[in-house]
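Undergrad: okay, sequence plus prediction incoming.
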Amino acid sequence: MKILGIGNAIVDILCKVSDDFLTQNSLTKSTMKLVDEAEFKKILLSLKIEETISGGSVANSIVGLSQLGNKVGFIGKVNDDELGRKYEEGLKKENVDYLYKKKSEPIPTGSCLILITPDSERTMCTFLGTAGKINDNDLKEQQIKNADIVFLEGYLWDEGEPKKAFDKAIMYSNKVAMSLSDLFCVERHKTHFLDLVKNKLDFIFANEQEILSLTNSKSFDDSIVFCKQTKKNIVITRGEKGAISIKGDEIKECEAKTNLTIKDLTGAGDLFAAGYLHGLINNLSISECLSKGTDLSSQIIQKIGARI
């Protein structure tokens, strides 16, 4: 197997909302808020659902990699309920090897409300459900060792059982990549994420906002200095300013595509990571990896949802 993704198995529920809706519900645009089941249902009551699909950040990347013809797998925890079964079916339909054996759980399958404002930004309310209960027993050592690269998401990292799963994945991986996922995640787990970046990861994906927060930098140039010092391959997406890959003193940049009809920014970072990782495992140059990531992210933002 080329790449094994491990992340939150979440069913995405896409809805269009106004900026006022975010304000009324105390939501910060372009971030993710964890909510309990009651709050999730309360917010959902007042919304019109545009689409419901299998989601999760790393799962979106893994599907993109599969669509490019790569042999990939995914581990994420669902309940053996209606949403859990739909989730598994959605991955199998995309030729992803779903390696988690679902069973009846006391907590429902996780769901994420993706709220799309008129400027195409997405704000997320996530009820983790059973996805947040993943633990080291859900990961098989040999499955991890069989992958060239294990891809993890920052959304998954949390104290307790999920951290044990994270640590096990890193321990047995050949190479490990991680997406910082969200500014909320970075600020909540900054000390731990810094340790991961400096000491345990091989490839790191972030956007400009996330890397500035992680490095406590006042300018992007300051954050580049930090990235160079880690000697890790750190890849940063910068919206209309393009993307940059940093590994020690080797820095490559790629311009953003222009004249796009942007409908929804959901999945832009996920599909960028898919394109970049596709390049890595197929021995493309760093410039070609950046270009492939940019191509995929440009495609996904011109449609609703995080799957091409």
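TA: Structure's in. What do you need? Numbering: from 1, shown residues only.
Undergrad: helix, strand or coil for residue 288?
TA: Secondary structure state of residue 288, per DSSP: H, G, I helix; E, B strand; the rest coil, is helix.
Undergrad: adjust the sequence numbering to begin at 171 for everything that follows.
TA: Fine by me, first position is 171 from now on; the one you just mentioned is residue 458.
Undergrad: that one contacts residue 449, doesn't it?
TA: Yes - counting by Cβ atoms under 8 Å, residue 449 is a contact partner of residue 458 at 5.3 Å. In this view, the C-beta of every residue, glycine as well, is placed from N, C-alpha and C.
Undergrad: correct me if wrong: residue 238 contacts residue 441.
TA: No - Residue 238 is beyond contact range of residue 441, at 10.4 Å (criterion: Cβ under 8 Å).
Undergrad: give the pairing partners of the lowest-mean-pLDDT helix or strand in the chain; include direction for each.
TA: Lowest mean confidence among the helices and strands of the chain (mean pLDDT, DSSP states H and E): strand 219-225, at a mean of 88. Paired neighbours of strand 219-225 in the sheet (DSSP bridges): strand 180-186 (antiparallel).
Undergrad: and the strand it pairs with, how far out from the chain middle?
TA: Strand 180-186 sits 15 Å away from the centroid of its parent chain (Cα atoms, centre = their mean, to the nearest Å).
Undergrad: in PDB, could you pull the C-alpha coordinates for stretch 193-213?
TA: Extracted in PDB, the C-alpha atoms of stretch 193-213 (Å, rounded to 0.1, in the frame of the first residue of the first chain):
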ATOM      1  CA  THR A 193     -22.800  35.500  14.300                       C
ATOM      2  CA  GLN A 194     -26.100  34.400  15.800                       C
ATOM      3  CA  ASN A 195     -24.600  31.000  16.600                       C
ATOM      4  CA  SER A 196     -21.300  32.400  18.000                       C
ATOM      5  CA  LEU A 197     -19.300  30.700  15.300                       C
ATOM      6  CA  THR A 198     -16.000  32.100  14.000                       C
ATOM      7  CA  LYS A 199     -15.700  32.000  10.200                       C
ATOM      8  CA  SER A 200     -13.200  29.600   8.600                       C
ATOM      9  CA  THR A 201     -12.600  27.600  11.800                       C
ATOM     10  CA  MET A 202     -13.900  24.300  13.300                       C
ATOM     11  CA  LYS A 203     -15.900  24.200  16.500                       C
ATOM     12  CA  LEU A 204     -16.500  20.900  18.400                       C
ATOM     13  CA  VAL A 205     -20.100  20.600  19.600                       C
ATOM     14  CA  ASP A 206     -22.000  18.000  21.500                       C
ATOM     15  CA  GLU A 207     -24.900  16.000  19.900                       C
ATOM     16  CA  ALA A 208     -27.600  18.300  21.400                       C
ATOM     17  CA  GLU A 209     -26.000  21.500  20.000                       C
ATOM     18  CA  PHE A 210     -25.400  19.900  16.600                       C
ATOM     19  CA  LYS A 211     -29.000  18.900  16.300                       C
ATOM     20  CA  LYS A 212     -30.200  22.400  17.400                       C
ATOM     21  CA  ILE A 213     -28.100  24.100  14.700                       C
END
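Undergrad: what comes into contact with it?
TA: 189, 191-192, 278, 281-283, 285, 287, 291-299, 325, 351-355 (Cβ atoms under 8 Å, 6 or more residues apart in numbering).
Undergrad: okay, and which of these map to helices?
TA: Among those, the residues falling in helices (DSSP state H) are 189, 191, 192, 353, 354, 355.
Undergrad: could you give the number of residues near the fifth one?
TA: What it means is residue 354. 20 (other Cβ atoms under 10 Å).
Undergrad: what does the last one give?
TA: Here the neighbour count serves as a burial measure; for residue 355 (other Cβ under 10 Å) it reads 23.
Undergrad: that older thread, can you redo the ones in helices among the contacts of stretch 193-213 as JSON lines with pLDDT?
TA: Compiled in JSON lines, these are given as follows (pLDDT from 0 to 100):
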{"residue": "189", "pLDDT": "96"}
{"residue": "191", "pLDDT": "96"}
{"residue": "192", "pLDDT": "96"}
{"residue": "353", "pLDDT": "90"}
{"residue": "354", "pLDDT": "87"}
{"residue": "355", "pLDDT": "90"}
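Undergrad: which of those lies closest to residue 246?
TA: residue 355 (16.5 Å; Cβ to Cβ).
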